[in-house]
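Trainee: sequence? don't have it. structure:
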Ligand SMILES: C[S@@+](CC[C@H](N)C(=O)[O-])C[C@H]1O[C@@H](n2cnc3c(N)ncnc32)[C@H](O)[C@@H]1O
């Protein structure tokens, strides 16, 4: 389990139950504070605000903070299932049914995959991201359209995907991986604040080659790797590649 001491604390909000803040702080083995300011040693805080769990940056304590956004991204259709259009759907395949996202992170790809109607399971190893994701998936299940269609949020699996994938009892048709690549230039494919914070907190994913091999072993049909357009393909020459804005989806078919 990663160590967050000195980096992260839980900041209690008096409008929410204290035992919920306390148990989150205990689970992450980080301090619980009732107030924080620029002199507080930790750089990041988890706190409930505006009905969701947020990750706050010390410099921006007064601002909104980051949360897993469960609304469709710009340009995505607001229907369910949304049309399987665009590079991500092309890479996953329109006929594919079952997908495992092995690197869920802020779940923006996962939620897109979910909204397109794929059967999705999500793996994440960072306890911070798991706390934010679990809050988001509970919010997702409260949405009117999700309730109307009697949908359940994707299953969230805690752990290192390298182990989790090896232990799956049913092989998914597609395993999707989007590990953190080192930033090479200012205008990268993941310039968003949320991704920069993730890199600050978790660092680059140095075991991505091992994860790729584990995914190739565990998949029934294919592995899709999302990568910045400047990065070398993770698994060598892919069978197919679909270009998005400043990024690529490389597809590796199981032999
Ligand atoms: C670049 S982010 C993924 C962003 C995500 N695709 C999105 O749309 O928000 C990478 C995430 O994968 C997680 N991760 C990387 N390697 C992993 C592994 N082997 N097992 C589980 N999670 C992993 C990291 O903790 C991080 O949260």
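Mentor: Okay, I see it. These numbers come from a predicted model, not from an experiment.

Trainee: For the rest of this, base every contact and every neighbour count on C-alpha atoms.
Mentor: Fine.

Trainee: Can you tell me what sits against stretch 24-37?
Mentor: Residues external to stretch 24-37 that are found in contact with it (C-alpha atoms under 8 Å, 6 or more residues apart in numbering): 4-5, 8-13, 21-22, 58, 61, 127-128, 131.

Trainee: how about it: buried residues?
Mentor: Under the neighbour-count criterion of 16 or more other C-alpha atoms under 10 Å, stretch 24-37 has 24-25, 28, 30-33, 36 buried.

Trainee: Quick one: list the elements packing against the longest helix anywhere in the chain.
Mentor: Taking DSSP state H as the assignment, the helix of the chain that covers the most residues is helix 127-142. On a contact count with 3 or more C-alpha pairs under 8 Å, 6 or more residues apart in numbering; DSSP states H and E, helix 127-142 meets helix 18-28, strand 52-57, strand 155-158.

Trainee: that older thread, what remains of the contacts of stretch 24-37 if I keep only buried residues?
Mentor: Looks like these have 4, 8-12, 21-22, 58, 61, 127-128, 131 buried, using 16+ other C-alpha under 10 Å.

Trainee: Out of these, which is nearest to residue 73?
Mentor: Of all those, residue 73 sits closest to residue 131, with 21.7 Å by C-alpha to C-alpha.

Trainee: who are the neighbours in contact with the closest one?
Mentor: Neighbouring residues of residue 131 by C-alpha under 8 Å, 6+ apart: 24, 53.

Trainee: And it, how far from residue 54?
Mentor: From residue 131 across to residue 54, the span is 10 Å (C-alpha to C-alpha, to the nearest Å).

Trainee: ok, now residue 24?
Mentor: From residue 24 to residue 54 the distance is 13 Å (C-alpha to C-alpha).

Trainee: same deal with residue 136?
Mentor: To residue 54, residue 136 is 10 Å away according to C-alpha to C-alpha.

Trainee: again, but for residue 78
Mentor: Counting by C-alpha to C-alpha, the separation of residue 78 from residue 54 is 24 Å.

Trainee: Neighbour count for the two, which is higher?
Mentor: More neighbours surround residue 54 than the other of residue 78 and residue 54, with 20 against 14 (other C-alpha atoms under 10 Å).

Trainee: from what I can see that one touches residue 61, true?
Mentor: No. With contact defined as C-alpha atoms under 8 Å, residue 54 does not reach residue 61; the gap is 10.9 Å.

Trainee: who touches both of these two?
Mentor: Contact criterion C-alpha under 8 Å, 6+ apart; residues shared by residue 54 and residue 61: none found.

Trainee: So what does the most centrally placed residue in the chain look like in phi/psi?
Mentor: Using C-alpha atoms, centre = their mean, the residue of the chain that lies closest to the mean C-alpha position is residue 105, 1.9 Å off. Dihedral angles of residue 105 (phi, psi; degrees, to the nearest 10) stand at phi 50, psi -130.
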